[in-house]
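J.: A structural model of the following input is requested.
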Amino acid sequence: MHRGDLISFVVPAYNEEKCLGDTLAAIHAAARENALEYEVVVANDASTDSTAAIAEAHGARVVDVAYRQISRTRNAGAREARGERLIFVDADTRVNAAVVSEALAALDAGAVGGGAMPLFEASAPRWAHASLSVVALTMRTFRLAAGCFVFCRRAPFEAIGGFDERHFAGEEIMLSLAMRKHGRFVILRERLVTSARKSAGMSFGQFMRLCFRLTFRGMGAIRRREGNEFWYDGKR
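T.: Have a look, this model is predicted:
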């Protein structure tokens with residue numbers, strides 16, 4: 001098998017025993033329905049639960065790291081992946097055959113990379129669904145990928161240095177902007193389902209305060225762990 005035929009799914013994971021099994025099962029189902037030659041790499045970032053065992057039980061190759069930083073963890077998985085086409089999937093996100101097929105078709109048509117807009121599972125609060133719709137429209141308009149699903153060719157990914165490790169959040173936005181300098185970066189129309197677990201126990205007011213704080217603090221807000229507990233509080 002030529003390396004260019006291999007599709008590498010890279011899944012960053014920290015204490016994801018609740019979601020990871022469903023995520024990996026969905027990847028396998030989508031890949032098989034598309035008759036792909038593929039591999040699954042789980043970048044296990046210092047998990048203290050059964051994340052690694054679940055990954056291995058679902059046929060994934062586990063790469064152990066201890067960064068507690070999503071950009072570095074994604075890059076670690078990519079370095080160990082063998083394919084020339086990379087699909088990054090968050091551990092709480094369920095892909096489907098259609099979105100994987102569209103992603104690969106976009107790459108075959110000359111795109112350097114892209115993303116797809118997520119849908120929250122039905123149990124999410126109404127404000128979360130509404131907020132995601134606004135975010136999705138904005139990101140589609142400006143061709144910015146959502147972090148739960150990003151796909152790309154390896155050459156431009158490596159040319160930009162992968163995900164920017166100066167950032168503790170928003171690394172998918174930085175990657176989208178950097179990749180666009182190397183070619184066409186697309187946002188698919190097909191949707192996929194991701195967990196709304198971060199909205200559990202959060203009110204709309206709390207969410208808006210978080211957005212305003214990040215907005216007014218500028219780039220410095222995502223270049224340190226402090227202040228980004230929303231992503232690093234360990235709640236699963």
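
J.: how much space between residue 192 and residue 26?
T.: Residue 192 sits 9 Å away from residue 26, taking CB to CB, to the nearest Å as the criterion. Any C-beta I mention is one placed from the backbone N, CA and C, and that applies to glycine too.

J.: Can you pull the residues that touch both of those two?
T.: Here residue 192 and residue 26 have 94-96 as joint contacts, going by CB atoms under 8 Å, 6 or more residues apart in numbering.

J.: check contacts around the spatially most central residue of the chain.
T.: The structure's the chain has its C-alpha centroid closest to residue 148; by CA atoms, centre = their mean the separation is 3.0 Å. Residues in contact with residue 148 (CB under 8 Å, 6+ apart) are 89-90, 92-93, 118, 192, 194.

J.: Buried residues of the helix or strand residue 107 falls within, list them for me.
T.: When secondary structure is defined by DSSP states H and E, residue 107 falls within helix 97-108. Neighbour counts using 16 or more other CB atoms under 10 Å place 97-104, 106-107 of helix 97-108 among the buried residues.

J.: Stretch 62-70 now?
T.: By neighbour count, and taking 16+ other CB under 10 Å as the criterion, the buried residues in stretch 62-70 are 62-63, 65, 67, 69-70.

J.: Show me the two of those residues that sit farthest apart.
T.: 62 and 69 (18.2 Å; CB to CB).

J.: would you list every one of the strands in the chain?
T.: Listed in chain order, the strands found in the chain under DSSP state E are 6-13, 37-45, 61-65, 85-89, 93-94, 113-120, 149-153, 185-194.

J.: need those in JSON lines with mean pLDDT and distance to residue 134, can you?
T.: As requested, the strands of the chain are arranged in JSON lines below (pLDDT from 0 to 100; distance: least, CB to CB, whole Å):
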{"stretch": "strand 6-13", "mean pLDDT": "98", "distance to residue 134": "26"}
{"stretch": "strand 37-45", "mean pLDDT": "98", "distance to residue 134": "30"}
{"stretch": "strand 61-65", "mean pLDDT": "98", "distance to residue 134": "34"}
{"stretch": "strand 85-89", "mean pLDDT": "98", "distance to residue 134": "23"}
{"stretch": "strand 93-94", "mean pLDDT": "96", "distance to residue 134": "20"}
{"stretch": "strand 113-120", "mean pLDDT": "90", "distance to residue 134": "11"}
{"stretch": "strand 149-153", "mean pLDDT": "97", "distance to residue 134": "19"}
{"stretch": "strand 185-194", "mean pLDDT": "92", "distance to residue 134": "15"}
